[in-house]
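Colleague: Next come a sequence and a model predicted from it.
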Amino acid sequence: MDAIEVNDLTKRFNSKDSVAAVDHLSFRVAEGEIFGLLGPNGAGKTTLIKILTTLLKPTSGMATVAGFDVRREKNRVRESIGIVFQEPALDWRLTGRENLDFHARMYGITRGEREKRIEEALKLVELEDKADIMTDKYSSGMKRRLEIARGFIHDPKVLFLDEPTLGLDTQTRRRIWDYIKDVNARERVTIVLTTHQMDEADYLCDRVGIMDHGKIIALDTPRNLKDLISSDLVSLELNMEGSSNDVEVFKSLDFVTEFREHNGFVTLKMERADLRIPAIMEVAKRAGIEILSVNLRKPSLEDVFLHFTGRRIRE
Amino acid sequence: MGISWQAIYVLWLREMKGMWRAKSRVIGSLGMPMFFLAFLGLGFGGASIPGMPAGLQYIEYLTPGIIGMSMLFSSVFAGISVLWDKEFGFLKEVMVAPVSRLSLVLGRTAGGSTVALMQGIMVLFLSTLLGFKIAGVVPVIVALLFMCLISVTFVGLGLVFASVMRDMHGFPLIMNFVVFPTFLLSGALFPIGALPSWLIPVCYLDPLTYGVDGLRGVLLGAGASDFSILLNFMVISAISIGMVSVGSFLFERTEVER
Ligand SMILES: Nc1ncnc2c1ncn2[C@@H]1O[C@H](COP(=O)(O)OP(=O)(O)O)[C@@H](O)[C@H]1O
Ligand SMILES: [Mg+2]
């Protein structure tokens, strides 16, 4: 059985809206998988998560989580999931431990078991010595760690993480990535996470769905997605005030297989870019185009997004 | 789907911890009822008020009304404060929990009612400093029952408002156009009979009327109330059950959009 099955799912916030926040989505997530939804702000990731966690009703279509229908079997779905919301959802009047205790009781965990699991969870996210202070004194990283602990304390089958590292520093992000991998490996919990950071999707996810305007435009392993763009990429930063901006000249180079222009950058796709740079510089010089910087790289998920949408994720 | 006692208990417990950690606010909210009691009680102490039961001091007449008022305010506030949970994101944590929406409403009601009840009890005992005489243990126990019903009713009303409001912006509107009229029309300050006759039916639609009248009957003797204690009890019980039912019905349909 799949952990999640989504079929033709649509959500319109306003019946008059021409655009749907989630637009006829269909996909499946296998048990034990770390599944990522990668997309820019407003892509519909949070809306999708809210439908899957019973907080919002879909306008049409169906979805099951752990085999239960999100519309008709809300309570069974709720019993099967854990969730870390995009914005903090802690009670600031309670301590970290009390927040976990509240949660464990709401999920009907018995006393002995409760204390044991709270202790374990606090240890995993390294908050044992901060457990008894009010959460309004926590940093955003600590809050997020506590919420991750809370998310799996009741042994969910599926754990949803909505932008789990948004706004955190690099070091904290790394730690949170490790907790996520840890939880997934130890408990075989299926994890669905959303992010707009390619490195996060690339590092954590078994499969990634690239989402834009409520649709999944590509879905595969990060490896396969990047293989869609097998060639190297060369980005040129141009001086827009320079004498010429006739970027079309790059198209005339026979080794350039694809050409894109955005905000003063030109991205060229080609094989063996390391051998081609001199020729590119030469052409630019002759056309009077001033190049400020050159960047040669292997394709990332960002390029995959660019490939499918013609835009960058952060804009 | 049944009732989860564990969930009700922990929602109640959370409210108690919140109250304990905001002790000063709870104490502070006693200020208004005490000023009302002191100034109105002293100011109108010697006045003859039309329709007041014979042989009663005004402070005696007023105390059940002010108990009702302080519980009305703190109950509606407790119910509406679900919107604060929404604002701080915690409502999502509550709404994804695998318990019936009725349990959520009952837990919330239990917590809010306990806070309101404590305030009501404090007002009752403080009123003795201003000359209110408590007739004995049994009246106090029956009064507590009425006070519970008053607070359940108005926490329920607050929850009903909270489930149809987006945020706290509408709170002043509700205070001015629902809560204050409820207080003023309940006969808390003066007998309903003194109002123009076209307003009297409105008073009879006000749940607090039965709460305050019941408290008067219980604390001051049957002669002090308009209706019988039993009638008051039945009406306010029915209203409180109705409020909780409507609240949980609305919660069942609530979506958490933000
Ligand atoms: N409560 C709401 N009411 C109306 N529109 C909304 C609401 N929540 C989200 N939207 C719209 O739906 C779209 C998707 O938003 P969201 O799911 O939050 O995207 P993401 O999480 O990918 O950033 C956006 O265009 C957003 O403006
Ligand atoms: Mg989002």
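Modeller: Structure received. Ligands and ions are numbered 1, 2, ... in the order given.
Colleague: What's the local residue count around the closest residue to A:A89 other than its chain neighbours?
Modeller: Distances taken as Cβ to Cβ, 6 or more residues apart in numbering or on different chains put B:G89 closest to A:A89, at 4.0 Å, once the chain neighbours are dropped. Quick note: C-beta positions are derived from backbone N, CA and C, even for glycine. Neighbour count for B:G89, taken as other Cβ atoms under 10 Å in any protein chain shown: 18.
Colleague: thought B:G89 was touching A:E87?
Modeller: Yes. Assessed by Cβ atoms under 8 Å, B:G89 is found in contact with A:E87 at 4.9 Å.
Colleague: So, low pLDDT: which residues of the stretch 51-200 of chain B?
Modeller: Scanning the stretch 51-200 of chain B for pLDDT under 70 picks out nothing.
Colleague: Near chain A, which residues of it are found?
Modeller: For the stretch 51-200 of chain B, the contact set with chain A under Cβ under 8 Å from any Cβ of the partner chain comprises B:85, B:88-100.
Colleague: Write out the residues of the stretch 1-150 of chain A neighbouring ligand 1.
Modeller: A:F13, A:A21, A:G39, A:N41, A:G42, A:A43, A:G44, A:K45, A:T46, A:T47 (Cβ under 6 Å from any ligand atom).
Colleague: Just confirm the fifth one is within a helix.
Modeller: The reference is to A:G42. No. Assessed with DSSP: H, G, I helix; E, B strand; the rest coil, A:G42 is coil; it does not lie in a helix.
Colleague: Give me the neighbour count for it.
Modeller: Around A:G42 there are 14 residues (other Cβ under 10 Å).
Colleague: immediately after the helix or strand A:R260 falls within, which helix or strand?
Modeller: Here A:R260 sits within strand A:258-262, counting by DSSP states H and E. Reading on from strand A:258-262 to the C-terminus, the next helix or strand found by DSSP H and E is strand A:265-270.
Colleague: quick check: angle from that next one to strand A:258-262?
Modeller: With axes from the mean of the first three to the mean of the last three Cα atoms, to 10 degrees as the basis, strand A:265-270 and strand A:258-262 are set at 170 degrees to each other.
Colleague: Given strand A:265-270, what are its sheet partners and their directions?
Modeller: Neighbouring strands of strand A:265-270 in its sheet, by DSSP bridges, are strand A:232-238 (antiparallel), strand A:258-262 (antiparallel).
Colleague: Please spell out which residues along the first one are buried.
Modeller: Read that as strand A:232-238. Within strand A:232-238, the residues that qualify as buried by neighbour count (16 or more other Cβ atoms under 10 Å in any protein chain shown) are A:D232, A:L233, A:V234, A:S235, A:L236, A:L238.
Colleague: need the contact list for the third one.
Modeller: Applying Cβ atoms under 8 Å, 6 or more residues apart in numbering or on different chains, one finds that A:V234 lies in contact with A:T267, A:L268, A:K269, A:M270, A:A273, A:R276, A:I277, A:I280, A:V294, A:N295, A:L296.
Colleague: so which of these would you say is closest to chain B?
Modeller: Proximity of those to chain B was ranked by Cβ to the nearest Cβ; the top entry is A:T267 with 36.9 Å.
Colleague: On the three-state scheme, the residue in the stretch 151-300 of chain A that chain B sits nearest to is what?
Modeller: Nearest to chain B in the stretch 151-300 of chain A, going by Cβ to the nearest Cβ, is A:H154, at a distance of 8.8 Å. Secondary structure state of A:H154, per three-state DSSP, is coil.
Colleague: circling back to that earlier point, can you lay out the residues of the stretch 51-200 of chain B next to chain A as JSON lines showing secondary structure and distance to B:V155?
Modeller: Listed next are these as JSON lines, based on DSSP: H, G, I helix; E, B strand; the rest coil; distance: Cβ to Cβ, whole Å:
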{"residue": "B:D85", "secondary structure": "helix", "distance to B:V155": "14"}
{"residue": "B:F88", "secondary structure": "coil", "distance to B:V155": "19"}
{"residue": "B:G89", "secondary structure": "coil", "distance to B:V155": "22"}
{"residue": "B:F90", "secondary structure": "helix", "distance to B:V155": "18"}
{"residue": "B:L91", "secondary structure": "helix", "distance to B:V155": "16"}
{"residue": "B:K92", "secondary structure": "helix", "distance to B:V155": "21"}
{"residue": "B:E93", "secondary structure": "helix", "distance to B:V155": "20"}
{"residue": "B:V94", "secondary structure": "helix", "distance to B:V155": "16"}
{"residue": "B:M95", "secondary structure": "helix", "distance to B:V155": "18"}
{"residue": "B:V96", "secondary structure": "coil", "distance to B:V155": "23"}
{"residue": "B:A97", "secondary structure": "coil", "distance to B:V155": "20"}
{"residue": "B:P98", "secondary structure": "coil", "distance to B:V155": "24"}
{"residue": "B:V99", "secondary structure": "coil", "distance to B:V155": "18"}
{"residue": "B:S100", "secondary structure": "coil", "distance to B:V155": "18"}
